[in-house]
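Undergrad: Sequence and predicted structure, then a few things I'm wondering about:
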Amino acid sequence: MKITAIDTFTLRVPTAKPIALDLPEHRLVVTRIHTDAGSEGLGYSLVFGGSGSEAVEAYARRLAELLISEDPLLVGRLWDKMYRADRGIRRVGIAGYALSALDIGLWDLAGKAANLPLAKLWGATTDRVDAYGSGGWGSYSLDDLIGEAKKYAAAGCHYYKMKVHDPDPRVNRQRVEAVRKALGDGVRMMVDVNQKLDVQSSIRQAQLLEDLDLVWYEEPALADDLAACAEVARAIRIPVATGENNYTRFEFRELIERRAARYLMPDVCRANGYTETMRIGQLAAAHQVALSPHVVHELSLHVAAALPNSFLVEWIDWVPADLFEGMPKCEAGAFRITDRPGHGIALTADAEKKYKMA
């Protein structure tokens with residue numbers, strides 16, 4: 001089997017309220033890999049909020065050139081070929097997104113060739129992955145916040161994550177407390193700083209929340225500054241989670257060595273695809289650190305199901321019904337691995353026509 005062509009394009013997908021209050025749209029940079037055997041692999045990277053998607057698409061086109069006429073089932077070899085190309089460009093940020101879209105498409109092809117879902121191809125430890133409801137952006141009113149949290153609880157989720165974005169840490173405390181009261185004892189909560197605070201401010205915010213039995217305190221400092229994250233982790237009593245904006249196993253190795261987090265959160269659309277995300281998860285397992293992949297649950301649940309140290313997948317319910325076929329449904333707070341080969345996701349017949357950017 002040989003790769004004959006790769007289509008690369010971007011889908012612009014509006015979000016609905018309340019997510020639209022903070023993020024009016026998301027974009028998917030899509031790679032569709034064609035082979036001389038007639039099989040196709042679908043890859044994509046979710047560019048949250050859309051910013052930078054043009055650059056991601058442009059670099060994905062560059063990397064795609066390296067794959068033409070290659071055997072798509074030599075996924076590790078092709079990943080290395082892409083990763084080591086263009087030595088002056090590190091595989092982080094835009095380049096990480098671009099490589100991810102192609103690697104995900106290659107693995108989709110590999111799963112289809114084996115007629116297995118990826119989780120089983122990688123030696124699944126479970127066929128069911130628990131999820132946490134995620135959202136709670138800073139622009140939400142308290143009613144928006146509580147309404148969203150209750151929606152996830154009604155779907156069976158026993159965990160809900162919200163943002164702590166107000167400049168006044170006391171206001172954040174009040175909002176978390178209000179949601180916790182509304183949800184009751186059946187749902188535990190996490191909070192997300194989203195890199196918005198410096199070390200001292202982050203420590204102060206965490207201290208105001210320490211009595212609320214939170215599962216984790218997420219991205220307490222700039223993702224670039226692993227030392228700052230470690231400093232916060234040492235100073236607070238809530239476990240730290242981070243990693244959605246880290247891209248390679250080398251960054252995650254440093255997070256582990258610094259004991260900067262107890263939950264690592266690689267994003268398969270940023271962390272150089274399935275290939276590198278699985279390495280990150282295995283590295284975390286060797287150090288008894290839990291893995292909770294960031295967003296794109298329809299893709300990341302395969303990673304979570306394949307690794308013994310996985311905890312939860314993140315579920316942000318933003319995807320319109322006419323975008324994907326094979327989208328897993330949340331049942332009793334969990335997603336099951338389907339029998340569809342590869343990652344199991346396909347674009348609907350009308351998705352490209354409706355959402356494709358010129």
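TA: Received, thanks.
Undergrad: Please count neighbours and contacts with C-alpha atoms only from this point.
TA: Will do.
Undergrad: where do the strands sit along the stretch 251-358 of the chain?
TA: 263-264, 290-291, 313-315, 324-325, 334-336, 346-347 (DSSP state E, counting those that start in this stretch).
Undergrad: Now distance to residue 73 and mean pLDDT too, for those strands, in JSON lines please.
TA: JSON lines is the format used below for those (distance: least, Cα to Cα, whole Å; pLDDT from 0 to 100):
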{"stretch": "strand 263-264", "distance to residue 73": "29", "mean pLDDT": "98"}
{"stretch": "strand 290-291", "distance to residue 73": "27", "mean pLDDT": "98"}
{"stretch": "strand 313-315", "distance to residue 73": "27", "mean pLDDT": "98"}
{"stretch": "strand 324-325", "distance to residue 73": "24", "mean pLDDT": "98"}
{"stretch": "strand 334-336", "distance to residue 73": "26", "mean pLDDT": "98"}
{"stretch": "strand 346-347", "distance to residue 73": "19", "mean pLDDT": "98"}
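Undergrad: what's the distance between the helix of greatest length in the chain and the middle of its chain?
TA: Identified as the longest helix of the chain according to DSSP state H is helix 94-114. Distance of helix 94-114 from its chain centroid, counting by Cα atoms, centre = their mean, to the nearest Å, is 15 Å.
Undergrad: How about stretch 161-178?
TA: That offset, for stretch 161-178, works out to 23 Å (Cα atoms, centre = their mean).
Undergrad: so how many other residues sit close to the nearest residue to residue 163 once chain neighbours are set aside?
TA: Once flanking residues are discounted, residue 163 sits nearest to residue 192: 4.7 Å by Cα to Cα, 6 or more residues apart in numbering. Look at residue 192: counted by other Cα atoms under 10 Å, it has 23 neighbours.
Undergrad: Pretty sure residue 192 sits against residue 219.
TA: Yes - with contact defined as Cα atoms under 8 Å, residue 192 reaches residue 219; the gap is 6.4 Å.
Undergrad: Let me know the next secondary structure element after the longest helix of the chain.
TA: The helix or strand immediately downstream of helix 94-114 is helix 118-121, counting by DSSP states H and E.
Undergrad: Could you list the buried residues of the very next helix or strand once past that following helix?
TA: Per DSSP H and E, the first helix or strand lying C-terminal to helix 118-121 is strand 128-134. Buried residues in strand 128-134, counted by 16 or more other Cα atoms under 10 Å: 128-134.
Undergrad: Just the terminal-to-terminal distance for stretch 161-175.
TA: 12 Å (Cα to Cα, to the nearest Å).
Undergrad: list the buried ones in that stretch?
TA: 161-166, 169, 172-173, 175.
Undergrad: what comes into contact with that stretch?
TA: 132-138, 142, 176, 189-194, 196, 204-205, 208-209 (Cα atoms under 8 Å, 6 or more residues apart in numbering).
Undergrad: for the residue nearest in space to the middle of the chain, what are its contacts?
TA: With the centre of the chain defined as its mean C-alpha position, the nearest residue by Cα atoms, centre = their mean is residue 294, 2.8 Å away. Listed by Cα under 8 Å, 6+ apart, the contact partners of residue 294 are 244, 265-268, 300, 313-314.
Undergrad: so the one helix or strand residue 144 maps to versus strand 128-134, what angle?
TA: Assigned by DSSP H and E, residue 144 falls within helix 142-154. Helix 142-154 runs at 170 degrees relative to strand 128-134, counting by axes from the mean of the first three to the mean of the last three Cα atoms, to 10 degrees.
Undergrad: Quick one: mean pLDDT for helix 142-154?
TA: Here helix 142-154 scores 97 as its mean pLDDT.
Undergrad: now what about that helix, what contacts it?
TA: By Cα under 8 Å, 6+ apart, helix 142-154 touches 18, 132-133, 135-137, 159-160, 175, 178-179, 182-183, 187.
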